[in-house]
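>>> the amino acid sequence is not available; the structure is as follows:
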């Protein structure tokens, strides 16, 4: 039973990923008619007899986006510079479009900075008869890094790492990144003027805030000039700041005109689309899928506990211990972000609860892992508290990143389940020790020969994380 359920979970997750593969999204969004040389992007048409097209890209998914653009436009691209993750470049040569690697372990480095300089220099040389097509996806902040002087790359990277380890979410991180950057926060679009700028974006942030995805290089920055500073102070990091960062954070720069009429940004893929595909795949596997949220945020331990209680409450409904209205009320009290209780219903089929988002981890240990592996492990611990109440059910939980990368590891995530704690004890594996040391990767590598690890490799896309909870009635 366990093996078949694990296969089902992996299949549903793979369907979630396939729905947001960038090459498919580009084909749906970009059309070119070679007969009249008209390029249509979403709802706008451009005459390539009169306009030259340039290509820029940043993020984990943009290599495949850019390759598809090349297939569509072929020789019409005059030049391109695309910033992609270290180790992700496929064997490929093109004299027109450069694919440059950087940001090892999703942290900005000298390679990413050098690529960012090339992108900004290309944009700065454009004129009014030219179009800059910008491809953006998750991971773009680290790959499009150009610290504002006098801030150094090491200073900026150190601060962002401290913020992340303190529990800052992606919106807070990217707000700070914008303030410390010479290319984010709309500054790439400003540099490209008077050219037209159009961006195609895969969202990796809850609720799709277009100004924060990859820190919004082509979106007007409307933040109060002290907003980033307030985030630093919230996490008690102000006293640790070097003078260079304080100077930039506290500066009130002169207004730079953002060319609103010359810039168009489109979100072409998101977690919502991914979850919809997961729902359809779960149906094909004979589950009753329930889409609950695509906006889950919060601290890992809090979300794990809420998921465990959610599971318990749902099992009480399936056992007939309560009714649907009481169940909805109890689940609503959990205050899971983005929760849609109207989808909650009784069924005789096995259940697959589907959620998505991006949670945060407070790192206090020295282990190796990521939020998805740790969430799967923590959920296994929390659901174990209800094992006596759930003896009539099997419960499995998958948490994985759609980019195929969870922290500085080769795993996308992991699978937890009701009974994992007891099985780990039989193998003399101390779960609590691994949790305290934030060492979920090594737990899953050691436990049951790694069979509950989710390992996909780089998927070429990124729309946050998928959480799947399968509830099965035990057969008597």
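In hand now; what should we look at? All values reported here derive from a predicted model rather than from experimental measurement.
>>> so which elements touch the longest helix along the chain?
Ranked by residue count and defined by DSSP state H, the top helix of the chain is helix 300-318. The contact analysis (3 or more CB pairs under 8 Å, 6 or more residues apart in numbering; DSSP states H and E) places helix 300-318 against helix 324-332, strand 351-357, helix 371-384, strand 393-401, strand 465-473. Glycine gets a C-beta too; all of them are placed from N, C-alpha and C.
>>> do that again at 6 Å, thanks
Judged by 3 or more CB pairs under 6 Å, 6 or more residues apart in numbering; DSSP states H and E, the packing partners of helix 300-318 are helix 324-332, helix 371-384.
>>> which parts of the first one are buried?
Spelled out, it's helix 324-332. 327, 328, 330, 331 (16 or more other CB atoms under 10 Å).
>>> let me have those in a markdown table, adding distance to residue 365 and pLDDT as columns.
Converted to a markdown table, the buried residues of helix 324-332 look like this (distance: CB to CB, whole Å; pLDDT from 0 to 100):
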| residue | distance to residue 365 | pLDDT |
| --- | --- | --- |
| 327 | 37 | 95 |
| 328 | 38 | 95 |
| 330 | 33 | 95 |
| 331 | 32 | 95 |
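>>> quick check: the farthest pair among those residues?
Spanning the widest gap among those are 328 and 330, at 7.4 Å by CB to CB.
>>> how close does residue 410 get to residue 453?
The gap separating residue 410 from residue 453 is 9 Å, by CB to CB, to the nearest Å.
>>> what about the two, which has more around it?
The neighbour comparison of residue 410 against residue 453 (other CB atoms under 10 Å) goes to residue 453, with 24 against 14.
>>> confirm for me that residue 454 is in contact with residue 410.
No - between residue 454 and residue 410 there is no contact under CB atoms under 6 Å: 10.7 Å.
>>> read off the pLDDT value for residue 256.
Here the pLDDT value assigned to residue 256 is 69.
>>> repeat for the one 5 residues further on
For residue 261, the model assigns a pLDDT of 93.
>>> pretty sure it sits in a helix.
Yes - if the criterion is DSSP: H, G, I helix; E, B strand; the rest coil, then residue 261 is within a helix.
>>> and the closest residue to residue 113 other than its chain neighbours, how many neighbours does it have?
Distance criterion CB to CB, 6 or more residues apart in numbering; nearest residue to residue 113, sequence neighbours excluded, is residue 145 at 5.4 Å. Using other CB under 10 Å, residue 145 has 33 neighbouring residues.
>>> if I read this right, residue 145 contacts residue 115, doesn't it?
No - contact criterion CB under 6 Å: residue 145 and residue 115 do not qualify, at 8.8 Å.
>>> out of the helices and strands packed on helix 300-318, nearest to residue 345?
The nearest among the helices and strands packed on helix 300-318, by CB to CB, is helix 324-332 at 6.6 Å.
>>> which strands and helices sit next to that closest one?
helix 300-318.
>>> now the helix it packs on and helix 324-332, what's the angle there?
170 degrees (axes from the mean of the first three to the mean of the last three CA atoms, to 10 degrees).
>>> mind listing what's buried in helix 300-318?
Quick answer for helix 300-318 (16+ other CB under 10 Å): 300-301, 303-318.
>>> dump the buried residues of helix 324-332 into JSON lines; add distance to residue 135 as well.
Converted to JSON lines, the buried residues of helix 324-332 look like this (distance: CB to CB, whole Å):
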{"residue": "327", "distance to residue 135": "44"}
{"residue": "328", "distance to residue 135": "41"}
{"residue": "330", "distance to residue 135": "44"}
{"residue": "331", "distance to residue 135": "39"}
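>>> between those, which is nearest residue 37?
residue 331 (54.9 Å).
>>> and that closest one, how far from residue 277?
For residue 331 relative to residue 277 (CB to CB), the value is 24 Å.
>>> now swap in residue 140 and tell me
23 Å.
>>> out of the two, which sits in the more crowded spot?
residue 140 (30 against 18).
>>> looking at that one now. What's its pLDDT?
For residue 140, pLDDT reads 93.
>>> any stretches of the chain with poor pLDDT?
Within the chain, the segments meeting pLDDT under 70 span 1, 92-93, 254-256, 476.
>>> gap between the longest helix of the chain and the chain center?
24 Å (CA atoms, centre = their mean, to the nearest Å).
>>> so what touches it?
For helix 300-318, contacts defined as CB atoms under 6 Å, 6 or more residues apart in numbering pick out 322, 327, 330-331, 334, 336, 346, 359, 361, 375, 378-379, 382-383, 386, 390, 393, 395, 469.
>>> which residue sits closest to residue 385, ignoring its sequence neighbours?
Here the residue nearest residue 385, using CB to CB, 6+ apart, is residue 308, at 7.0 Å.
>>> okay, the helices and strands packed on helix 300-318 in CSV with distance to residue 214 next?
Formatted as CSV, these follow (distance: least, CB to CB, whole Å):
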stretch, distance to residue 214
helix 324-332, 34
helix 371-384, 19
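>>> of the ones you listed, which is nearest residue 281?
Of the helices and strands packed on helix 300-318, the one closest to residue 281 (CB to CB) turns out to be helix 371-384, at 19.0 Å.
>>> so where does residue 9 fall, helix or strand?
Using DSSP states H and E, residue 9 falls within helix 2-18.
>>> what is that helix packed up against?
helix 271-284, strand 393-401, strand 465-473.
>>> okay, those in a markdown table with distance to residue 421 next?
Shown next, in a markdown table, are the helices and strands packed on helix 2-18 (distance: least, CB to CB, whole Å):
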| stretch | distance to residue 421 |
| --- | --- |
| helix 271-284 | 26 |
| strand 393-401 | 12 |
| strand 465-473 | 17 |
